[in-house]
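Q: coords please:
(2 chains)
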Amino acid sequence: MTRPAGGPARAVKLWLDVAFFVVTGAGVGLTAWLAISPIVLRGGQVGDTAIPVAVGSGALRPTLTLDVDTVAAPSIRRAVLVEARGELRVQSTSWPLQFLPNLGLLLGIAVVLILLLLLRRILADVVAGDPFAAANAQRMRIMGIILVAAGALGPVVEHLVARSLLRRVPIQGVELTAPFDLRVDMILIGLLLLVLAAVFGYGSELERERSLTI
Amino acid sequence: MAIRVNLDFLLLQRGLSLTELADRVGITIANLSILKTNKARAVRFSTLNAICRELDCQPGDLLEHRPDSEP
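A: A predicted model of the protein is given here:
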């Protein structure tokens, strides 16, 4: 083991602890709400739902051809709205419409909680002066796999949920599509963590050799 | 590991305890114990020097190569 880490590591640990407890509180609150919502909402109360949408047709690159006043602007041949994304806010008495997005949010909160928990444990070892503890390589590997999976599969789940919700909200006058946004940034960070896990695995082996060098 | 550390025998011969040797050499009892029980992966020359100085012995008295003992 090396010396216990100083101020900056402890400061980061404090922030992580705060974030962990805030997200845990949010998760507990949302879980409680989801548990009682069938009872609360069965009376047909109006509730809000937010659905991620893209304007136009085509999930990967949604486009919408707009009508242009060619009399006012004769030089304009065509105008196409490309990848316009936003949020459709719906007020309804439908319980599934209110429940499904919250379920997706709860899944997201669970993923963030797991990542924060693993980060806290890694940082606890760093603060204690044992950054190359054998478990840390494994923790980083798990975090990397979670981020790669979230970046690749998360958009698929979001797309399917949004599509299911949009089917229940037949909007007229404008074509709305469920978006599909592959999170390349999340995948790259996950891959970076997998590389770091390999480095820390090697570091753990070196530390073990060092600790057994008298 | 085919290298054996004959610390037990030397301590007995010199009438020293592990604790006393650890204090004189300046390493922890835990580390000396790792050495004594042949669990160490490497020994620094500085540690070898200190042990040989305190036990008044040669490195060859302390270390022995036993190829048959390697699994």
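
Q: distance of A:Thr93 from chain B?
A: Using C-beta to the nearest C-beta, to the nearest Å, we find A:Thr93 at a distance of 69 Å from chain B. All C-beta atoms are positioned from the backbone trio N, CA, C, and that covers glycine.

Q: how far away is that residue from A:Val169?
A: 13 Å (C-beta to C-beta, to the nearest Å).

Q: the more surrounded of these two?
A: A:Val169 (15 against 12; other C-beta atoms under 10 Å in any protein chain shown).

Q: Quick check, pLDDT for the more buried one.
A: At A:Val169, the pLDDT value in this model is 90.

Q: now swap in A:Thr2 and tell me
A: pLDDT at A:Thr2 comes out at 61.

Q: How about the one 5 residues further on?
A: In the prediction, the pLDDT value recorded for A:Gly7 is 77.

Q: and stretch B:39-58, what's its mean pLDDT?
A: Here the average pLDDT along stretch B:39-58 is 94.

Q: outside of it, which residues touch it?
A: The contact list for stretch B:39-58 (C-beta atoms under 8 Å, 6 or more residues apart in numbering or on different chains) reads A:209, A:212-214, B:1, B:5, B:7, B:10-11, B:14, B:16, B:21, B:24-27, B:34-35, B:59, B:61-62.

Q: hmm, 10 Å instead?
A: A:208-214, B:1, B:3, B:5-7, B:10-11, B:13-14, B:16, B:20-27, B:31-35, B:59-63 (C-beta atoms under 10 Å, 6 or more residues apart in numbering or on different chains).

Q: Only the buried subset of these, as a ChimeraX command please.
A: Provided next is the ChimeraX selection string for whichever of the contacts of stretch B:39-58 are buried by 16 or more other C-beta atoms under 10 Å in any protein chain shown:
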select /A:214 /B:5,6,7,10,11,16,21,22,25,27,31,32,34,35,62
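
Q: Sort out for me which of the contacts of stretch B:39-58 are in strands.
A: Using DSSP state E, B:Ile3, B:Val5, B:Leu63 are the members of the contacts of stretch B:39-58 that sit in strands.

Q: Chain A: which of those residues is nearest?
A: The shortest approach to chain A among the ones in strands among the contacts of stretch B:39-58 belongs to B:Val5, at 9.3 Å (C-beta to the nearest C-beta).

Q: thinking again about what came up before, okay if I get the ones in strands among the contacts of stretch B:39-58 as TSV plus distance to A:Ala178 and pLDDT?
A: TSV is the format used below for the ones in strands among the contacts of stretch B:39-58 (distance: C-beta to C-beta, whole Å; pLDDT from 0 to 100):
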residue	distance to A:Ala178	pLDDT
B:Ile3	67	91
B:Val5	69	93
B:Leu63	71	94
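
Q: so what's the residue nearest to B:Leu35 when sequence neighbours are not counted up against?
A: Closest residue in space to B:Leu35, ignoring its immediate chain neighbours: A:Ile214 at 4.7 Å, by C-beta to C-beta, 6 or more residues apart in numbering or on different chains. A:Ile214 makes contact with B:5, B:25, B:27-28, B:30-36, B:39-44, B:47-48, B:51, according to C-beta under 10 Å, 6+ apart.
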